[in-house]
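1. no FASTA, just this:
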């Protein structure tokens, strides 16, 4: 069945009430029955929940074949916990048919590819997938299609019972002996632990893995002892160098700066750019650089940013410290400046993934956003964005909060160079739709700006401000005139990944790619 | 092959941005940053053993990339190298708008290049005289011979000082107030104006010293330069900002040109504007201001 | 042109291609690696073969490692490698003739 972004969704996926994507806010007003976990009572007073090993924790939680384990990605490319837990489950306990439900997976998790090939891991649910795991899933080696959800779509699915977590693993930079966890104070600090919060509330069992045991009570706790079954102390939960970079530096690349300046001009031309406005930006080159130019417009007009959300890094913390933004609410930290600021700098708070982006709750932050600035691997003439599959059709990206913030914000700006190497970023049809075009308002490239025709109000703003803009079709033609028209990718029938929209409908599927035939 | 309009000898050249002709990622779309001229470099930016490869890259860039209104000039290797003749052949064959003669020291150097350009135009069936020339003065001798260099050929549109080499010859280094190049810049400007060609300042290489860069650009404008060579796109905007005429200058120029056209139609040669006496000598300057204002997007009238 | 000795042109930087030519047996033996193989492999192969044909190279072993180069760059690298292999890359290039 064809969905609202023109993608053909195989009928066999549309079971148990699953629907295809129908357009923005389709589920508004509907009711959901929240799922509840089955959890063990710990009535008898206990001194400590420390267990000797991950294996022992798994045994205590009744780990068995066919279970779903959840993980969160605050340790990013430095994470050791996913590999450690899966090795214990599969190699020490001999478990099989396991599903990994992670908030995201990355290059750190290459060893999991082997478990997929061996058929020990049969399901993957994640926001991001990269490296060898992306390759083996794209090659059709995972038994069931991977399910890709946004950061808001995941807590929605958990709360609705579409994902049932048997054991949630919390990678904790610090924990006390009963499982109160924080993202700071240890040797592998990550700052916010927002993505772990929903998992811990909805999982049947919760195991904390830490490399820094601290005195009870570890307060204020991000994940609380009331939800934790066991605490395991290991040598190291991750490589600090890869968890948080020294400091996210603003790009000096002239192309990035030129685009960032245009992003700020577009923002400043809209009526939403007024005292108290709200803002989120990605950490990619031009997106982050937009902060710099936006600050100049704020100074010129003598206005301040009300609040900012998202994955947070140094430049935003800097604005907070200068008093140019009122509050920063934070689901993840990208650099040490942000890690060291959360809950320390007045106005810098932690939030859960659900609070950040879940469209099925009653007040997600993304739905109050004025502006979001995002990157793209590809964007097509219908303004549909792909941030998941590479030009070769292989899984190597992450929707993350992209679809959530795009849908919730008043102005969603995509900033990307027109071409990357020989790839046309602005193209006729994206390989995979990860953010639907009806949520994307403005495209800023190094060759010009295009406004979604669904937003005549924004077109008028740009015209009034004298900001030149063109049609997205003309940008696409320019791109193809530079790099040539690409040949179509060749696919098999097998679906290797299903892409859910933030509301749980099916936005697109990724099929197995045919190897290149010279 | 992308057709390029016939190069204009006198056009707006506030910013000339250097680009290594050997780097495909750089030259493919350097025009997007909005500089007036791009300077594709076959000389210092290209290693000695890659001179041949750079020419192949350059040829295909010139013939396939649509640089639009941006002028495309090529800096060729010095006349004391084995490379300059083939450099000229590829520039002419590819349809470059102009050639920058490196280390130019005399009118004879210009004539030597001109002869090779003419031969190449003949060889490749390019309209005779199409390829423009400019000279880079990099030595004391070049500066002393600035006038004869500027006046050596009708193809010459301008002259530029190359600060790095010149300072070495003069045993000095960049100074915050520009005193190191003061006399050379002045002498070159006088020569260029006397010969009726344009004059461009050297690059500012310390990208971390934005204040120093801005001070130098303001001094360039005050001294009367037409433009400046640049090494990074982020330097473009400030130069255009400084070289743009002020609103007051534009209004004044408009009044002068309008009044002159009305008065001269009535047969009057000398008249006053806002109490100031005006004659024909003011007109070229006023018209230049309006053309510059139009290029900067500040003037939409129909007087120029 | 006849490939006389092995020669290389280009780099492995993004947007570039590294082309190696060597004397070979009968015909053109092309080995191609590309970061954009699925979408541009066919076109890259065609560009390389067309360029060799213009240069009248009939027998050669040619290896192209492409890092997303545009056609104009691919042509430049193939031509440079071929002229280098004949020791003829420094001067007298047939601009606009066999090189176009």
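-> Nice, thanks for sending it over. Here the structure is a predicted model, which means the values were calculated and not measured. Residues are numbered from 1 along each chain as shown, chains lettered A, B, ... in the order given.

2. Chain C contacts on the stretch 301-450 of chain A?
-> Taking CB under 8 Å from any CB of the partner chain as the contact definition, the stretch 301-450 of chain A meets chain C at A:391, A:392, A:393, A:420, A:421, A:422, A:423. (Glycine included, C-beta is placed from N, CA and C.)

3. Can you tell me which of those residues end up in strands?
-> A:420, A:423 (DSSP state E).

4. How about the secondary structure of residue 40?
-> No chain in the question, so chain A it is. Recorded secondary structure, residue A:40: coil (DSSP: H, G, I helix; E, B strand; the rest coil).

5. Let me rephrase: I mean chain B.
-> Under three-state DSSP, residue B:40 comes out as strand.

6. Check what pLDDT it gets.
-> Per-residue pLDDT puts residue B:40 at 95.

7. That one against residue B:59, yeah?
-> No: here residue B:40 lies out of contact with residue B:59, judged by CB atoms under 8 Å, at a distance of 10.8 Å.

8. which one of the two has more residues nearby?
-> Neighbour tally, residue B:40 and residue B:59, criterion other CB atoms under 10 Å in any protein chain shown: the higher count belongs to residue B:40, 30 against 27.

9. And the closest residue to the more buried one other than its chain neighbours, how far from residue B:82?
-> Closest residue to residue B:40 apart from its sequence neighbours, by CB to CB, 6 or more residues apart in numbering or on different chains: residue B:21 at 4.3 Å. From residue B:21 over to residue B:82 the distance is 17 Å, taken as CB to CB, to the nearest Å.

10. Just the element for the spatially most central residue of chain C, please.
-> Centroid-nearest residue in chain C: residue C:78, 2.2 Å away (criterion: CA atoms, centre = their mean). Secondary structure assignment for residue C:78, by DSSP states H and E: helix C:71-85.

11. Are there helices or strands packed against that helix, and which ones?
-> Contact analysis of helix C:71-85 by 3 or more CB pairs under 8 Å, 6 or more residues apart in numbering or on different chains; DSSP states H and E lists helix B:24-27, helix B:51-64, strand C:7-9, strand C:17-22, helix C:37-54, strand C:60-66 as its packing neighbours.

12. Which one, of these, ends up nearest to residue A:163?
-> Residue A:163 lies closest, by CB to CB, to one member of these: helix C:37-54, at 32.5 Å.

13. Next, see if that closest one gets close to chain B.
-> No: Helix C:37-54 is not in contact with chain B by CB under 8 Å from any CB; minimum separation 10.3 Å.

14. ok, back up a step: can you pull the phi and psi angles for the residue nearest to residue B:40?
-> Reported as degrees, to the nearest 10, the phi and psi values for residue B:21 are phi -70, psi -10.

15. ok, it - contacts?
-> Each residue near residue B:21 by CB atoms under 8 Å, 6 or more residues apart in numbering or on different chains is listed here: B:27, B:40, B:41, B:42, B:45, B:46, B:54, B:55, B:57, B:58, B:61, B:74.

16. sorry, back to before: find me the pLDDT at the residue nearest to the centre of chain C, would you?
-> Turning to residue C:78, the model gives it a pLDDT of 98.

17. Also the one 5 residues further on?
-> According to the model's per-residue confidence, residue C:83 sits at a pLDDT of 97.

18. what number of residues lie near it?
-> Neighbours of residue C:83 (other CB under 10 Å): 26.

19. now it: how far from chain A?
-> Distance of residue C:83 to chain A, computed by CB to the nearest CB, to the nearest Å: 24 Å.

20. residues near the spatially closest residue to that residue that is not a sequence neighbour, how many?
-> The shortest distance from residue C:83 to any non-neighbouring residue, by CB to CB, 6+ apart, is to residue C:89 (3.8 Å). When neighbours are counted by other CB under 10 Å, residue C:89 registers 22.

21. If you count contacts, what does the worst-scoring helix or strand of chain B on mean pLDDT end up packed against?
-> The element with the least model confidence among the helices and strands of chain B, by mean pLDDT, DSSP states H and E, is helix B:24-27, at a mean of 82. Applying 3+ CB pairs under 8 Å, 6+ apart, we find helix B:24-27 packed against strand B:15-20, helix B:51-64, helix C:71-85.

22. The second one vs helix C:71-85, what angle?
-> The one in question is helix B:51-64. Angle, helix B:51-64 to helix C:71-85, by axes from the mean of the first three to the mean of the last three CA atoms, to 10 degrees: 150 degrees.

23. can you tell me if helix B:51-64 touches chain A.
-> No: Helix B:51-64 lies out of reach of chain A by CB under 8 Å from any CB, never closer than 9.8 Å.

24. and the angle for that helix with strand B:15-20?
-> Angle, helix B:51-64 to strand B:15-20, by the same axes, to 10 degrees: 130 degrees.

25. model confidence over helix B:51-64, on average?
-> Averaging pLDDT along helix B:51-64 gives 95.

26. picking that back up, can you pull the pLDDT of the residue nearest to residue B:40?
-> What the model reports as pLDDT for residue B:21 is 86.

27. next one: residue A:518
-> Confidence score, pLDDT, at residue A:518: 62.

28. for residue A:253, same thing?
-> Model confidence at residue A:253, given as pLDDT, is 87.

29. Quick check: it touching residue A:288?
-> No: between residue A:253 and residue A:288 there is no contact under CB under 8 Å: 11.2 Å.

30. Tell me which of the two has more neighbours.
-> Counted by other CB under 10 Å, residue A:253 and residue A:288 do not tie: residue A:288 has more neighbours, with 24 against 16.

31. any idea whether that one is helix, strand or coil?
-> Following three-state DSSP, the label given to residue A:288 is helix.
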